[in-house]
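*Asks:* build me a structure from this.
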Amino acid sequence: AAVLAAFTTELLANLPAEAQVSKPAAFFPPQGLVADSVRLQAADAFGLAGFSNVYTADYTLPAGPATAFLAPRATAGEAAADARRYQEFLLANGFRLVPEPTIPDGIIVLAYEDFFAAMVVVDQTLAGVHEAPSLAAALELTLAIQEAVRKNQPSAEPGPQR
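*Replies:* Reported below is the predicted structural model:
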């Protein structure tokens, strides 16, 4: 019982807040989304130690299957730090940066053999594509996720006027 109590206490402490869990599917664009594929990777998503509370969703695209992800964070700084760590992890595991001049500012695309990963930070959320069959598919899905996250972000309260 003591072992289970310690385990459940740690597990509950690491779960995202209820507000984050309640609507992750709203952040994934519906076009091509595989029904009931939104999942939470509570720990070490994609094999990256410490990359926790990451939502994934499967897509069926004209170019083939793809996996998208969202990692809501408490601050924009945390989202940016996770983006750097994820990029470094992919580079250390054989990926290469794609230096395509048509990639929009803020989006990072990496390739490994015949599949692509892409990421973008939108306010407090790291979002992107973990695996796509082409550069075009990775960019299209990342741009759609970026727009969905922007639309679903809570609007900031206006500050005092001066």
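*Asks:* right, and the helix or strand after the helix or strand bottoming out on mean pLDDT in the chain?
*Replies:* Within the chain, no helix or strand scores below helix 18-22, which has a mean of 43 by mean pLDDT, DSSP states H and E. The helix or strand immediately downstream of helix 18-22 is strand 39-41, counting by DSSP states H and E.
*Asks:* what about the helices in the chain?
*Replies:* Applying DSSP state H to the chain gives helices spanning 2-14, 18-22, 76-92, 135-152.
*Asks:* for this protein, give me the ranges with low pLDDT.
*Replies:* Across the chain, the ranges flagged by pLDDT under 70 are 1-23, 154-162.
*Asks:* go again with 80.
*Replies:* Applying pLDDT under 80 to the chain flags the ranges 1-26, 153-162.
*Asks:* report the separation between A57 and T75.
*Replies:* Note on A57: its distance to T75, by CB to CB, to the nearest Å, is 24 Å. Backbone N, C-alpha and C define where each C-beta goes, glycine included.
*Asks:* could you do P104 as well?
*Replies:* Distance, P104 to T75, using CB to CB: 23 Å.
*Asks:* and for V34?
*Replies:* Distance from V34 to T75, by CB to CB: 31 Å.
*Asks:* higher neighbour count, the two?
*Replies:* V34 (13 against 10; other CB atoms under 10 Å).
*Asks:* which residue packs closest to the more buried one, ignoring adjacent ones?
*Replies:* Leaving out its chain neighbours, the residue that sits closest to V34 by CB to CB, 6 or more residues apart in numbering is D58, at 4.2 Å.
*Asks:* which residues touch that neighbour?
*Replies:* By CB atoms under 8 Å, 6 or more residues apart in numbering, the contact set of D58 is L33, V34, S37, P65, A66, T67.
*Asks:* what does stretch 27-37 rub up against?
*Replies:* Outside stretch 27-37, the residues that reach it (CB under 8 Å, 6+ apart) are 38, 55-61, 66, 68, 70, 125, 127, 141, 144-145, 147-149, 152.
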